[in-house]
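A.B. asks: Sequence first, predicted coordinates after that:
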Amino acid sequence: MPLDTKHCAFTGRMVIVGFGSIGQGVLPLLFRHIDLTPEQVTIITAEERGHAEADRYTVPFVNLPLTRDNYREVLGPRLGKGDFLVNLSVDVSSVALIAFCREVGALYLDTCIEPWAGGYTDTSLSASQRSNYALRETALALRADGQGGPTAVITHGANPGLVSHFVKRALLDIARDTGVDTAIPQTRGEWAALAETIGMKVVHVAERDTQVSNQPKAVGEFVNTWSIDGFVGEGCQPAELGWGSHEKALPPDGRRHEFGNGAAIYLTRPGASTRVRTWTPLEGPFHGFLITHSEAISIADYYTVKEDGQVRYRPTAHYAYHPCDDAVLSVHELAGKNWRMQPTKRLMMDEIVSGTDELGVLLMGHAKGAYWYGSRLTIEQARALCPYNNATSLQVTVAVLAGVVWAIENPDRGIVEPDELDFQRCLEICNPYLGEVVGVYGDWTPLQDRGVLFPEDVDTDDPWQFKNFRVV
């Protein structure tokens, strides 16, 4: 698809809340692919960062943090029926903004379900209450009976978001290659039945970011290729994973939630201190952080099959993330300071000199073992494709674009998650910006080369048990 294709027109007002790396990176995509003028758009953000970029597009820029006390006063004059709120902020309650948009009739999109400032680390709440599982339950509780109402696309960035579409594409590939005769499923139940038929036991969002800069990380500095506040916030939440029906026992520090749909568990430790074994085609085996993300819960929930009210089939699903090497050093330093943020933050952008973000889904346990499907995007490709982006941010910003387009094209679908969107339409929009999009089979399992140096407690009868993936 040409990079100047106009996917749709939008005639209402659009408010972008938050203008960090993702907001700055998505703005040119919105103008490139949606019939939209700068006069229709307003940026509201808590920092001056990005003001110059907004000025280049002659978009009004309002430096004003949204709070519990002022968000209605600030947004009320700017949003009404048929308008669009694109929420790319941190420390602003997604649930509050979703509810507001439903009241006034505005469309909505976010890339994760955020609490108000401090919500991720509020020790007056239990670990269960400050989890993404709890935030998701609160957001979905806003759904009207019978759904409908203005469309609110929740958690639609790269992950969560784009990866849910990768899972569907990968399932169809595996079905084709294993002789499972299937048409493209049209309902949630049909997708879950296909996953069960194929025998998918585990889904990793397996990502390796190899981008490097010409400016090494300094002591007391947190460096990353995307939102530092966002990464640290979710890294300090409990590690979370969708919990599969094939799993034999909870981890020693694993806990079930006492509310909601029961599709996920959490560990009583931060995600940024929890590592798991995983695999991508370019990197091979590596250790990734089990950072909590909403897709771990929504994917496990979406592909659940029940019989007589009991779960018969459900995959285990979680993130397995190796950020850029400077970010790994930053997390190590952060942990050593008892999760207190470094005094200096630096978002890597112009100083990146090389590297690739290899982001995809690793589907395991089926007849062909392991299948990774996703994007290999280099920094050179990202810069050539769209300004104000690196290889990590562009995978997010183009997914934001796809979610915005889908919402404009489907304005009355109520609150929807990525798994409920048209995956083919979203991939059609995203693929031109994802570099090399590939599917690769591998013979890797988490038991590979285990017990060579020291004896390990592993389950050799079933390589796809979570205990085999976890690094202890």
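C.D. replies: Perfect, I can see it now.

A.B. asks: Please enumerate the strands of the stretch 351-472 of the chain.
C.D. replies: In the stretch 351-472 of the chain, the strands defined using DSSP state E, counting those that start in this stretch lie at 352-354, 356-366, 369-378, 415-416, 436-442.

A.B. asks: which of the ones you listed sits most buried?
C.D. replies: When the strands of the stretch 351-472 of the chain are scored by mean count of other CB atoms under 10 Å, the highest mean neighbour count falls to strand 356-366 (a mean of 26). Just so you know, the C-beta spots here come from the backbone N, C-alpha and C atoms, and that holds for glycine as well.

A.B. asks: got the strands of the stretch 351-472 of the chain as TSV, with distance to residue 36 and mean pLDDT columns?
C.D. replies: As requested, those are exported to TSV (distance: least, CB to CB, whole Å; pLDDT from 0 to 100):
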stretch	distance to residue 36	mean pLDDT
strand 352-354	29	98
strand 356-366	27	98
strand 369-378	25	98
strand 415-416	22	98
strand 436-442	27	98
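
A.B. asks: Tell me which of those lies nearest to residue 217.
C.D. replies: In this view, the strands of the stretch 351-472 of the chain are compared for proximity to residue 217 by CB to CB, and strand 352-354 is the closest at 13.1 Å.

A.B. asks: then the worst-scoring helix or strand of the chain on mean pLDDT to CSV, C-alphas only?
C.D. replies: When the helices and strands of the chain are compared on mean pLDDT, DSSP states H and E, helix 228-236 comes out lowest with a mean of 95. Included here for helix 228-236 are C-alpha records, laid out as CSV according to Å, rounded to 0.1, in the frame of the first residue of the first chain:
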residue,chain,number,x,y,z
ILE,A,228,10.6,5.9,30.3
ASP,A,229,7.8,6.8,32.6
GLY,A,230,5.5,4.2,30.9
PHE,A,231,8.2,1.5,31.1
VAL,A,232,9.1,2.1,34.7
GLY,A,233,5.4,2.3,35.7
GLU,A,234,4.5,-1.0,34.2
GLY,A,235,7.9,-2.5,35.3
CYS,A,236,7.0,-1.7,38.9
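
A.B. asks: what's the helix or strand following it packed up against?
C.D. replies: Scanning the chain past helix 228-236 towards its C-terminal end, the next helix or strand to appear is strand 238-242 (assignment: DSSP states H and E). Helices and strands touching strand 238-242, as assessed by 3 or more CB pairs under 8 Å, 6 or more residues apart in numbering; DSSP states H and E, comprise strand 264-270, helix 294-302, strand 316-322.

A.B. asks: and for the helix or strand just after the longest one, what are the contacting residues?
C.D. replies: Which is helix 294-302. Scanning the chain past helix 294-302 towards its C-terminal end, the next helix or strand to appear is strand 305-307 (assignment: DSSP H and E). Contacts of strand 305-307 from elsewhere in the structure, counted by CB atoms under 8 Å, 6 or more residues apart in numbering, are 189, 192, 193, 196, 311, 312, 313, 314.
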